[in-house]
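Enquirer: Got a predicted model here, sequence first, then my questions.
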Amino acid sequence: MRGGEIMTGVDRRSDRAVYRQVADALRAAIRTGELATGQRLPSETELIHRYGVSRNSVRTAVGLLRIEGLVVTEHGRGSFVRARRPLRQLGSPGRRAEQGGDAEQRLLSVQVTEPPVEVAARLGLATDELTLVRRHLLFDDGEPARLVDRYFPLRVAHPTGVEQAERMAREARVEAERVVEELTLRMPSPTEERQLGISDGVPVARVLRTCYDASGHALEATAFVLAKDRHVLVYEIPAH
C-alpha cells in the first residue's frame with residue numbers, strides 16, 4: 001500500500017504471474033480494510049488501466065479472490081468484498097460435530113440408498129448392498145456450518161430404525177480403536193451450495209471419516225462437508 005491507496009502497476013521482472021500480483025494487491029486492500037465489506041471492486045476497465053495488464057489477467061485475479069471467498073460477483077453489477085465470517089478451527093470434523101455447546105443440528109433426512117463408491121469400499125459392502133444414511137445440517141452460532149452424512153450397512157440397521165442408527169453411532173464412537181479421515185477439496189454441488197449458504201466460486205472440504213474396531217472391522221463411515229472459507233482443519237499426529 002502507498003499513501004493509503006491500493007498499489008498500482010505490476011513488476012514485470014518478477015517471477016510471480018501478473019494476475020497473482022493483481023490478486024495480491026486487492027487481497028491486501030481487503031484485509032487492511034482499504035476495500036471494506038460490501039464495497040464494490042474497481043471495474044475491469046479501471047483495473048486494466050491501474051495495473052497495465054490484460055482483461056484476462058484481471059478476470060483471473062478476481063476469480064482467484066472469489067475462490068478464496070474474499071469477493072462475490074453479482075451478474076450485471078460487478079464484484080464486491082464479501083462479509084468475512086470467523087474461521088472455525090476444527091481439530092477433527094467428526095469429533096467436533098459430536099460436541100454440544102453452541103452447535104445446533106437439524107435432521108434433514110433418513111433414507112435407504114446406494115452409498116458412494118468410496119463409502120461402500122470403506123464399509124466392505126458388496127456392489128449391490130444398500131445403506132441407511134442419516135443427513136444432518138449442523139449450525140454454529142445460528143449459521144449453517146457442516147453437512148454430515150452418517151452411513152450404516154442396511155443389514156445391521158432396519159430401514160426405519162432411526163433410534164437403532166443413533167444407538168449404533170454411539171456404540172461406534174465407544175468401540176472405535178482407529179479413525180481414518182480422508183480429505184478432498186472440490187466445488188460444492190447445487191444442493192450443498194444452497195444448504196450451506198455458500199457463495200459462488202467457494203469450494204468445500206469433504207472429510208470421509210471411518211471408524212474401525214480393534215479387529216480392523218469398519219463400524220461406520222461419516223462424510224462431512226465444510227465450506228472452505230469458514231473452517232481451519234488442524235490435525236495432531238504422534239511423532240512416534
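Expert: It's in.
Enquirer: Which parts of this protein are helices?
Expert: Listed in chain order, the helices of the chain (DSSP state H) span 18-32, 44-51, 55-67, 93-98, 117-123, 162-175, 190-196.
Enquirer: of all those helices, which lies closest to residue 236?
Expert: Proximity to residue 236, assessed across the helices of the chain by CB to CB, is greatest for helix 93-98 (11.6 Å). The C-beta positions use only the backbone N, C-alpha and C, and glycine is treated the same way.
Enquirer: Make TSV from the helices of the chain and add distance to residue 144 and mean pLDDT to it.
Expert: Listed next are these as TSV, based on distance: least, CB to CB, whole Å; pLDDT from 0 to 100:
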stretch	distance to residue 144	mean pLDDT
helix 18-32	24	92
helix 44-51	32	92
helix 55-67	20	91
helix 93-98	13	50
helix 117-123	23	93
helix 162-175	21	63
helix 190-196	5	91
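Enquirer: Rebuild those helices as JSON lines, extending it with distance to residue 230.
Expert: Formatted as JSON lines, the entries for these read as follows, by distance: least, CB to CB, whole Å:
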{"stretch": "helix 18-32", "distance to residue 230": "17"}
{"stretch": "helix 44-51", "distance to residue 230": "28"}
{"stretch": "helix 55-67", "distance to residue 230": "14"}
{"stretch": "helix 93-98", "distance to residue 230": "12"}
{"stretch": "helix 117-123", "distance to residue 230": "24"}
{"stretch": "helix 162-175", "distance to residue 230": "25"}
{"stretch": "helix 190-196", "distance to residue 230": "9"}
